[in-house]
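Engineer: okay, predicted coordinates and the sequence, questions at the end:
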Amino acid sequence: MKTPVIVTSALIVAGLAIAPKFVGNAVENRLEDMVKTLNRSPMLEVSLSDYNKSWFSSDAVINVTFHGEATAGAGEDDFTVKLPLSVAHGPVIFDGAPSLDWVKWHLEVETGEQLKTLLRWDDSQPLYQFSGSVGLLQKIDFSERLLPFEIDSEAGVVKFSGYQGQGEGRGVVQYEGGAESLLIPIEGGSVVAKGLHVNFETELDLDKFVDGKLSNMSANFSLDQLDVGELFALKKLMVDVSSDYDAKTKLADATVAYSAAEVTVAEHTASDLALEIEVKNISDEFNDFYSEQLEQLDDSALEAENMQALLLKSLPLLLKNDPEFNIKKLAVTLPEGSFIGHANLAVKGVNADNIKLEDNAFWLQHTVFDSSFTADKPLAEKIATEFFTAQQANQQQAPQDMAEARQMAQQQASMTLMMLAGQGMLQDLDKTFKIDFSFNKGEVNLNGKAMPLPPGLIPQP
């Protein structure tokens with residue numbers, strides 16, 4: 001329920017940030033743009049009704065109809081939510097307490113019988129409210145609130161604690177919000193999430209938002225705790241997302257970082273988990289072309305074969321700016337020890353004139369790769385032991401004593417690691433094993449030593 005409402009709210013924030021133009025007919029035009037954007041979702045149908053405008057205010061109702069699985073539990077094929085919106089025009093506003101603002105707005109979810117069939121909440125108040133203003137110096141302030149609610153399901157009662165958020169800014173908006181808890185009953189237990197926190201900073205540019213343009217932004221999502229019955233538990237999940245756009249070069253770098261303090265699956269526990277991924281040198285040209293082509297595909301065309309064809313069609317635009325794909329950090333700690341590593345991949349010097357998609361030697365000539373991985377020795381031996389234990393189980397025709405099989409796998413693992421270290425495939429660093437591997441335009445290096453390529457893969461000058 002909340003997602004389409006929040007998307008609507010985000011678009012309204014971006015639109016109202018250009019307040020001097022947001023009067024009279026401009027109000028209606030901007031709202032129509034927002035409606036068109038929301039209608040790109042196959043699960044939503046959005047329309048504008050009851051639009052009234054005057055010198056000092058504009059009023060409208062945004063109708064959001066949910067289709068398919070989004071209506072589960074409502075008992076009907078379609079489910080419609082009405083969002084009355086009122087906008088007061090400045091510079092002197094008398095809506096409530098008098099203020100000097102260009103624009104002041106309020107949006108809420110209209111309480112109706114359809115909504116009551118799906119949710120239970122204190123219906124003396126609107127389920128969702130979103131209010132804000134744009135000052136004379138273009139500073140924007142806004143806040144939103146989603147009340148606590150319950151939903152009946154086959155497994156029990158879904159309970160949500162409610163959500164509150166607020167933001168402000170001028171040109172760039174800073175936002176923070178959060179929810180205390182969510183409980184979803186499932187067979188044999190329940191899913192319980194606690195301590196949701198959201199923070200983001202982004203440009204207030206409606207055209208970029210609507211058209212999916214590259215821009216500057218950063219966001220952080222965190223969850224204090226997530227439990228799924230007795231099988232899964234997670235503590236301190238963090239997700240950081242950022243995009244850094246250079247208006248001069250028209251290139252953007254994007255980063256997504258995941259981390260968790262602790263994850264428990266059944267009786268196995270891991271801690272200090274981290275995965276950070278970075279994509280660099282993504283151009284406006286590639287982003288616009290790919291987005292436009294993707295928008296032209298209908299749902300039936302969004303299959304793997306068609307998506308692969310679209311990617312190949314877009315590939316020259318992607319590669320011309322020397323893109324990079326980097327795993328900046330991959331880390332985990334288990335009872336036996338820790339693992340940490342990184343890997344960086346770049347494609348350089350490729351353009352539409354020289355690209356040879358099916359030539360392996362061509363790609364080797366234009367690929368740069370480097371990586372480094374380190375594991376504590378007990379952890380490396382544990383991983384190798386599990387590998388050989390599974391291998392034995394697949395090879396044995398008759399049942400074997402598990403303790404004996406485990407002992408054999410441990411011996412095999414220890415001997416294999418020692419052999420790889422003796423051959424220079426692994427670096428033996430007293431308490432850890434380490435491997436460094438790099439590839440630079442046809443030259444391979446393993447742990448500081450050059451390695452030859454097979455003759456058929458040697459790039460030709």
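Structural biologist: Happy to help now that I have it. Residues are numbered from 1 along each chain as shown.
Engineer: pretty sure A193 sits in a helix.
Structural biologist: No: under DSSP: H, G, I helix; E, B strand; the rest coil, A193 sits outside any helix and is assigned strand.
Engineer: wait, it sits on L226?
Structural biologist: Yes: if you go by Cβ atoms under 8 Å, A193 and L226 touch, sitting 5.1 Å apart. Yep, even glycine has a C-beta here, placed from its N, CA and C like the rest.
Engineer: do you know the pLDDT at G349?
Structural biologist: Note on G349: pLDDT of 87.
Engineer: quick one: contacts for it?
Structural biologist: 322, 366 (Cβ atoms under 8 Å, 6 or more residues apart in numbering).
Engineer: mind saving the C-alpha coords of stretch 182-196 as CSV?
Structural biologist: The C-alpha coordinates for stretch 182-196 follow below in CSV (Å, rounded to 0.1, in the frame of the first residue of the first chain):
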residue,chain,number,x,y,z
LEU,A,182,6.5,-5.0,11.2
LEU,A,183,5.1,-8.4,12.0
ILE,A,184,3.9,-10.9,9.3
PRO,A,185,2.6,-14.3,10.5
ILE,A,186,3.8,-17.3,8.4
GLU,A,187,3.3,-21.0,8.8
GLY,A,188,5.1,-22.2,11.9
GLY,A,189,6.1,-18.7,13.1
SER,A,190,6.3,-15.1,12.0
VAL,A,191,8.5,-12.6,10.2
VAL,A,192,9.5,-9.8,12.5
ALA,A,193,11.3,-6.6,11.4
LYS,A,194,12.4,-4.0,13.9
GLY,A,195,14.0,-0.6,13.6
LEU,A,196,13.7,0.6,10.0
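Engineer: tell me the secondary structure at S218.
Structural biologist: Assignment for S218 (three-state DSSP): strand.
Engineer: from V239, how far out is it?
Structural biologist: According to Cβ to Cβ, to the nearest Å, S218 stands 12 Å off from V239.
Engineer: for A413, same thing?
Structural biologist: For A413, the distance to V239 - Cβ to Cβ - is 35 Å.
Engineer: the two: who's more crowded?
Structural biologist: More crowded of A413 and V239, by other Cβ atoms under 10 Å: A413, with 20 against 15.
Engineer: which one is the more buried one nearest to, not counting chain neighbours?
Structural biologist: Spatial nearest neighbour of A413, chain neighbours left out: A384 (3.5 Å); criterion: Cβ to Cβ, 6 or more residues apart in numbering.
Engineer: can I get the longest helix seen in the chain in PDB, CA atoms only?
Structural biologist: When the chain is parsed with DSSP state H, its longest helix is helix 402-422. Taking C-alpha atoms only, helix 402-422 is exported to PDB below (Å, rounded to 0.1, in the frame of the first residue of the first chain):
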ATOM      1  CA  MET A 402      30.500 -40.100   8.500                       C
ATOM      2  CA  ALA A 403      33.300 -39.600  11.000                       C
ATOM      3  CA  GLU A 404      35.700 -41.600   8.700                       C
ATOM      4  CA  ALA A 405      34.600 -39.600   5.600                       C
ATOM      5  CA  ARG A 406      35.100 -36.300   7.500                       C
ATOM      6  CA  GLN A 407      38.600 -37.300   8.600                       C
ATOM      7  CA  MET A 408      39.500 -38.300   5.100                       C
ATOM      8  CA  ALA A 409      38.200 -35.000   3.700                       C
ATOM      9  CA  GLN A 410      40.200 -33.000   6.300                       C
ATOM     10  CA  GLN A 411      43.400 -34.800   5.400                       C
ATOM     11  CA  GLN A 412      42.700 -34.200   1.700                       C
ATOM     12  CA  ALA A 413      41.900 -30.500   2.300                       C
ATOM     13  CA  SER A 414      45.100 -30.000   4.300                       C
ATOM     14  CA  MET A 415      47.300 -31.700   1.700                       C
ATOM     15  CA  THR A 416      45.700 -29.800  -1.200                       C
ATOM     16  CA  LEU A 417      46.200 -26.400   0.400                       C
ATOM     17  CA  MET A 418      49.900 -27.200   1.200                       C
ATOM     18  CA  MET A 419      50.300 -28.400  -2.400                       C
ATOM     19  CA  LEU A 420      48.800 -25.200  -3.900                       C
ATOM     20  CA  ALA A 421      51.000 -23.100  -1.600                       C
ATOM     21  CA  GLY A 422      54.100 -25.100  -2.700                       C
END
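Engineer: tell me which residues of it are tucked away?
Structural biologist: For helix 402-422, the neighbour count (16 or more other Cβ atoms under 10 Å) marks 405, 409-410, 412-413, 416-417, 420 as buried.
Engineer: next one: stretch 252-261
Structural biologist: 252-255, 257-260.
Engineer: contacts for it, please.
Structural biologist: So stretch 252-261 is contacted by 214-215, 234-246, 271-284, 287, 328-329 (Cβ under 8 Å, 6+ apart).
Engineer: repeat that for stretch 310-329.
Structural biologist: 251, 255, 257, 274-283, 285-286, 289-290, 293-294, 297, 340-352, 355, 357.
Engineer: separate out the buried members of those residues.
Structural biologist: Among those, the ones that count as buried (16+ other Cβ under 10 Å) are 251, 255, 257, 274, 276, 278, 280-283, 286, 289-290, 340, 343-344, 346-347, 350.
Engineer: now, which of those lie within helices?
Structural biologist: 286, 289-290.
Engineer: make CSV out of the residues you listed and add distance to Q114 and pLDDT.
Structural biologist: Shown next, in CSV, are those (distance: Cβ to Cβ, whole Å; pLDDT from 0 to 100):
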residue, distance to Q114, pLDDT
F286, 43, 88
F289, 41, 85
Y290, 38, 81
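Engineer: nearest to T264, of those residues?
Structural biologist: Y290 (39.4 Å; Cβ to Cβ).
Engineer: ok, that closest one - contacts?
Structural biologist: Contacts of Y290 by Cβ under 8 Å, 6+ apart are 310, 314, 317.
Engineer: show me the shaky parts of the chain.
Structural biologist: Applying pLDDT under 70 to the chain flags the ranges 1-27, 40-42, 68-77, 204-212, 297-307, 394-401, 453-461.
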